[in-house]
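Enquirer: Turn this into a model:
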Amino acid sequence: MSKSKLNSPEYLLQLLQRFSKYSDRVKQVHSLMTTNGHLLITDLWINTLLYNTLIRTYLNLCRPHTSLVLFVHMLHDEAPPNSHTFPSVLKATASLSQSYITSPAGYSFNAQCVKRGLLNDPFVRTSFLSLYSQFGDIKSARKMFDEIPQPCIVSYNAMLDAFAKSGDMGLAVSVFLKMPTRDVYSWTSIISGYARNKCSREAISFFNEMMVDDDVIHGFLRPNEATFVSVLSSCANLDEGLALYQGKQIHGYMLRSEKELSVFIGTALIAFYGKTGCLSYAYKMFDAMSVRKVCTWNAMICALASNGRESEALEMFKTMTLHPNEVTFVGVLSACARTKRVDLGLDLFRSMSRDFAIKPTMEHYGCIVDLLGRAGLLKEAHEFVKSMPFEADASVLGALLGACRVHGDVDLGNEVGKKLLDLEPDHCGRYVLLSSIYAGAEIWDSAASLRKEMANAGIQKVPAFSMAD
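Expert: So this is what the prediction gives:
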């Protein structure tokens with residue numbers, strides 16, 4: 001092949017498509033396109049085609065910022081964007097919305113599409129719909145959806161996912177019911193939406209509806225990884241004995257229908273069995289997994305820490321072969337708190353930023369307050385709360401209040417309890433806990449007054465239950 005053909009835009013385009021998964025090769029081809037001036041050719045939309053392919057390729061290589069820089073170069077080189085350009089550009093914008101840019105950039109792209117007459121393209125509209133959903137601009141997303149003459153299933157899925165992410169499950173289900181056809185993403189968006197909004201019972205119910213749908217029965221549609229992870233999470237978070245039965249049924253279905261359980265499904269099962277107290281099943285899942293990610297280790301450590309096996313949780317942390325993350329430390333700090341290992345817990349807390357470059361969150365601070373409180377170090381716990389870099393939330397104060405009840409510190413309990421009631425005036429547990437502190441100190445008037453206040457507000461104590469593995 002002659003040198004001219006080797007450097008032709010057509011041949012370089014073929015190379016770019018062939019090596020699209022290899023970052024170094026992509027850079028080489030990109031460099032050849034630039035040095036040969038192909039990105040400046042305006043005949044026959046050549047530079048538009050090359051730019052579109054480059055933008056999409058870098059996006060698929062998880063380099064959205066490079067894609068957006070290329071779009072700027074595209075405009076500078078007078079390569080006219082078309083309906084194939086903006087879906088990739090908008091996807092890159094959405095993926096960077098939390099770090100580099102904000103929503104005004106998305107609206108400027110809208111103006112460009114209007115100017116170029118591209119907004120009538122259904123794929124462009126659907127891309128804008130997804131972008132506005134990412135920004136939390138449900139009004140603009142709904143307007144974009146309503147202006148699509150005949151929405152395709154992708155547009156429907158984007159709209160119901162937007163409603164689900166915004167917490168409006170009523171509108172999400174309304175869109176779902178209007179869909180002429182549905183795929184696994186339609187069902188999963190509703191199930192994961194309910195799970196995300198802590199409507200565990202509804203998520204499980206919708207999954208059960210999915211499983212008796214004609215498309216599933218006849219094999220045209222099957223739950224995917226995201227479906228299983230969402231419904232198992234809902235089973236784990238539902239405080240009913242029936243949830244354990246349901247989760248086991250789902251596990252059985254997966255064993256029958258899936259050739260191999262993915263890492264994330266295996267992790268979801270470990271978390272499910274851990275939260276329902278079935279540690280033997282959690283251990284079996286963990287031991288059977290040939291590939292484990294950080295989330296897998298986290299699920300097992302947290303399962304052990306929350307089921308009275310704290311020493312095993314800490315030992316597992318020592319043998320962990322991957323770099324720990326924020327969730328890992330929640331598990332090990334909880335294990336330290338439950339076993340009152342103050343020195344170890346404080347050392348692990350300090351090691352987060354010192355050794356692992358992890359910035360402690362509210363949950364980690366809450367674990368330390370719980371650790372100090374359980375060990376009877378209430379003064380130190382109170383000082384620790386006051387030294388926090390942000391205002392303590394109800395979970396942190398709740399841990400301190402619980403310690404006050406256990407150790408009978410009425411004065412501190414009274415102070416913390418009042419702050420908690422201001423933060424969560426409708427939380428029955430806060431009233432009950434503070435009332436118990438008063439009763440334990442035989443301050444009967446205050447205890448009775450608090451119970452009366454609770455009754456007048458219509459706040460009822462939630463009944464508990466237990467189950468065994």
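
Enquirer: Going by C-alpha atoms from here, please, whenever you check contacts or count neighbours.
Expert: Noted.

Enquirer: Give me the three-state assignment for V416.
Expert: Of the three states, V416 takes helix according to DSSP: H, G, I helix; E, B strand; the rest coil.

Enquirer: my guess is it meets L397, correct?
Expert: Yes. Counting by Cα atoms under 8 Å, L397 is a contact partner of V416 at 6.5 Å.

Enquirer: what's the following helix or strand after the one helix or strand in the chain whose mean pLDDT sits lowest?
Expert: Using mean pLDDT, DSSP states H and E, helix 3-6 stands out as the lowest-scoring helix or strand of the chain, at a mean of 60. Going down the chain from helix 3-6, the next helix or strand is helix 9-18, by DSSP states H and E.

Enquirer: tell me what that next one is packed against?
Expert: helix 23-35, helix 46-60 (3 or more Cα pairs under 8 Å, 6 or more residues apart in numbering; DSSP states H and E).

Enquirer: low-confidence ranges in this protein?
Expert: Applying pLDDT under 70 to the chain flags the ranges 1-6, 44, 97-105, 240, 424-433, 440-442, 445-469.

Enquirer: residue closest to the middle of it?
Expert: Nearest residue to the geometric centre of the chain (Cα atoms, centre = their mean): R196, 8.2 Å.

Enquirer: what sits against that residue?
Expert: If you count contacts by Cα atoms under 8 Å, 6 or more residues apart in numbering, R196 has them with K165.

Enquirer: Distance-wise, check it relative to K165.
Expert: Distance, R196 to K165, by Cα to Cα, to the nearest Å: 8 Å.

Enquirer: buried residues in the strand or helix carrying L68?
Expert: Assigned by DSSP H and E, L68 belongs to helix 64-76. Using 16 or more other Cα atoms under 10 Å as the test for burial, helix 64-76 gives 64-68, 70-71, 74.

Enquirer: Mind giving me the packing neighbours of it?
Expert: Right, helix 64-76 is packed against helix 46-60, helix 85-95 by 3+ Cα pairs under 8 Å, 6+ apart.

Enquirer: Please give the centre-to-centre distance between the longest one and its chain.
Expert: Think helix 46-60. Mean C-alpha position of helix 46-60 versus that of the full chain (Cα atoms, centre = their mean, to the nearest Å) differs by 30 Å.

Enquirer: Which of the residues in that helix are classified as buried?
Expert: For helix 46-60, by 16+ other Cα under 10 Å, it's 46-59.

Enquirer: and if you look at stretch 344-356?
Expert: Residues 345, 348-349, 352 are the ones in stretch 344-356 that count as buried (16+ other Cα under 10 Å).

Enquirer: Using PDB, write out the CA atom coordinates for that stretch.
Expert: Output of stretch 344-356 as PDB, limited to C-alpha atoms (Å, rounded to 0.1, in the frame of the first residue of the first chain):
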ATOM      1  CA  LEU A 344      -7.200   0.000  67.800                       C
ATOM      2  CA  GLY A 345     -10.300   2.000  66.600                       C
ATOM      3  CA  LEU A 346      -8.700   5.400  67.000                       C
ATOM      4  CA  ASP A 347      -5.500   4.100  65.300                       C
ATOM      5  CA  LEU A 348      -7.600   2.800  62.300                       C
ATOM      6  CA  PHE A 349      -9.500   6.100  62.200                       C
ATOM      7  CA  ARG A 350      -6.200   8.100  62.000                       C
ATOM      8  CA  SER A 351      -4.800   5.700  59.400                       C
ATOM      9  CA  MET A 352      -7.600   6.600  57.000                       C
ATOM     10  CA  SER A 353      -6.200   9.900  56.000                       C
ATOM     11  CA  ARG A 354      -2.600   9.100  57.000                       C
ATOM     12  CA  ASP A 355      -2.100   5.800  55.200                       C
ATOM     13  CA  PHE A 356      -4.900   5.600  52.700                       C
END
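
Enquirer: which residues touch that stretch?
Expert: 324, 329, 332-333, 336-337, 358-360, 364, 368, 371.

Enquirer: and I250, how many residues sit next to it?
Expert: Close neighbours of I250, defined as other Cα atoms under 10 Å, add up to 19.

Enquirer: Using PDB, write down the CA coordinates of the helix ranked longest in the chain.
Expert: Counting by DSSP state H, the longest helix found in the chain is helix 241-257. C-alpha atoms of helix 241-257 as PDB (Å, rounded to 0.1, in the frame of the first residue of the first chain):
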ATOM      1  CA  GLY A 241     -39.100 -12.400  57.900                       C
ATOM      2  CA  LEU A 242     -40.700 -12.800  54.500                       C
ATOM      3  CA  ALA A 243     -37.800 -10.900  52.900                       C
ATOM      4  CA  LEU A 244     -35.400 -13.700  53.800                       C
ATOM      5  CA  TYR A 245     -37.700 -16.200  52.000                       C
ATOM      6  CA  GLN A 246     -38.000 -13.900  49.000                       C
ATOM      7  CA  GLY A 247     -34.200 -13.400  48.800                       C
ATOM      8  CA  LYS A 248     -33.500 -17.100  49.000                       C
ATOM      9  CA  GLN A 249     -36.100 -17.600  46.200                       C
ATOM     10  CA  ILE A 250     -34.300 -15.100  44.000                       C
ATOM     11  CA  HIS A 251     -30.900 -16.700  44.800                       C
ATOM     12  CA  GLY A 252     -32.400 -20.100  43.700                       C
ATOM     13  CA  TYR A 253     -33.700 -18.600  40.500                       C
ATOM     14  CA  MET A 254     -30.300 -17.100  39.700                       C
ATOM     15  CA  LEU A 255     -28.600 -20.500  40.300                       C
ATOM     16  CA  ARG A 256     -31.000 -22.100  37.800                       C
ATOM     17  CA  SER A 257     -30.900 -19.400  35.100                       C
END
